[in-house]
Each structure stands twice: as structure tokens, then as C-alpha cells.
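[1] what follows is a predicted protein model with its sequence.
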Amino acid sequence: MQKATLGTIAAVMIGVAAIALVSGLLATNRLVPNTGIVKSIGVEVYWDQACTNKTTSINWGTLDAGGVKTYNVYVKNNGTAAEMLSMTTSNWNPASASSQISLGWNCSGLVLAHASVVGASLTLSVSSAISGITSFSFDITVTGTENT
């Protein structure tokens, strides 16, 4: 068995340090968001299809630049008439986050009959060029407007 030379040991240590440095640089591109508050008007939002567990907030977890995360929820029309669904965001903190992060969903303009439930996908997208944002928060409002 050959003894490791000082040069070999030094080369291995430099390689390990380089890997640690690159990993640290990649980790600085991470975005650590806060929880988004979910409000509803004219309808109710739930985690489950049986509509027993209300959705009041969403923890988006950790997202990378260019990342996308989707949560599925259920919207129930508890009113007495059909409701047209819409979703908006507000109260972005910091305000600049709204130009680098967006929320979309698949139920815009959908008319939900009285006592009906529909599955909805909320999709958060982060710009690949995001900068200056290390955490954020915002409110999500799901609205049912009577459709006559």
C-alpha cells in the first residue's frame, strides 16, 4: 500500500473546499417565502374534496429562482345562486415581490352552481431573474360573484 503524499492530500482538500464553495453559491439563489393568507368571498376554500378542512393559509415552502409550485384546493359555493369564480392577490410584502412572483389558477371565469364543489390548482411562479427578495408574503382572495 502506498502512502498518500502531501500533494495528494492537499489536492483532495482543495477539491472538497471547491465543492463546498459551489454548493454555498447555489444555495444563495434560494427564495424563502412566508405563508400566504387565503380569504374567500361568496365561496369557501378547502383542502379536501369533502369540504371539511378550510384553507386559511398556504405555506409555499422554499422555491428556487425559476421555480414553480402548485397546491390543489377545493372551492365550494355555499350561496343560493351560481357564482362566477375569480382570484386576486394583494398586500405583497415586499411590494416588489409582485413583479417577480406571480400566482395563477385554473378556475378564472368558471361558473360554479349552488352547492357545487370544484377542484382548483393555485400555481406560484418565481422569475428566473429574481433578485433582492429573500422572503415574501401576500394575500390570496377567491371570490364568487353571483352569476344571474
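    Now that the structure is in, tell me what you want to look at.
[2] alpha carbons only for contacts and neighbour counts from here, please
    Noted.
[3] element containing the nearest residue to Thr123 once chain neighbours are set aside?
    Once flanking residues are discounted, Thr123 sits nearest to Thr70: 4.3 Å by Cα to Cα, 6 or more residues apart in numbering. For Thr70, the enclosing helix or strand under DSSP states H and E is strand 68-76.
[4] so what touches that strand?
    Outside strand 68-76, the residues within contact range by Cα atoms under 8 Å, 6 or more residues apart in numbering are 43-49, 51, 55, 60, 63, 115-126.
[5] can you check stretch 78-91 too?
    Residues from elsewhere that reach stretch 78-91, judged by Cα under 8 Å, 6+ apart: 42-44, 77, 103, 105, 107-116, 137-148.
[6] okay, buried residues for the strand holding Thr70 please.
    With burial defined by 16 or more other Cα atoms under 10 Å, the residues of strand 68-76 counted as buried are Val68, Val73, Tyr74, Val75, Lys76.
[7] dump the C-alpha coordinates for that strand into CSV.
    Taking C-alpha atoms only, strand 68-76 is exported to CSV below (Å, rounded to 0.1, in the frame of the first residue of the first chain):
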residue,chain,number,x,y,z
VAL,A,68,-43.0,26.7,-9.8
LYS,A,69,-45.1,25.2,-7.0
THR,A,70,-48.8,24.1,-7.2
TYR,A,71,-51.3,23.5,-4.5
ASN,A,72,-54.7,21.9,-5.1
VAL,A,73,-57.7,23.2,-3.2
TYR,A,74,-61.5,22.8,-3.5
VAL,A,75,-63.9,25.7,-3.9
LYS,A,76,-67.4,25.3,-2.6
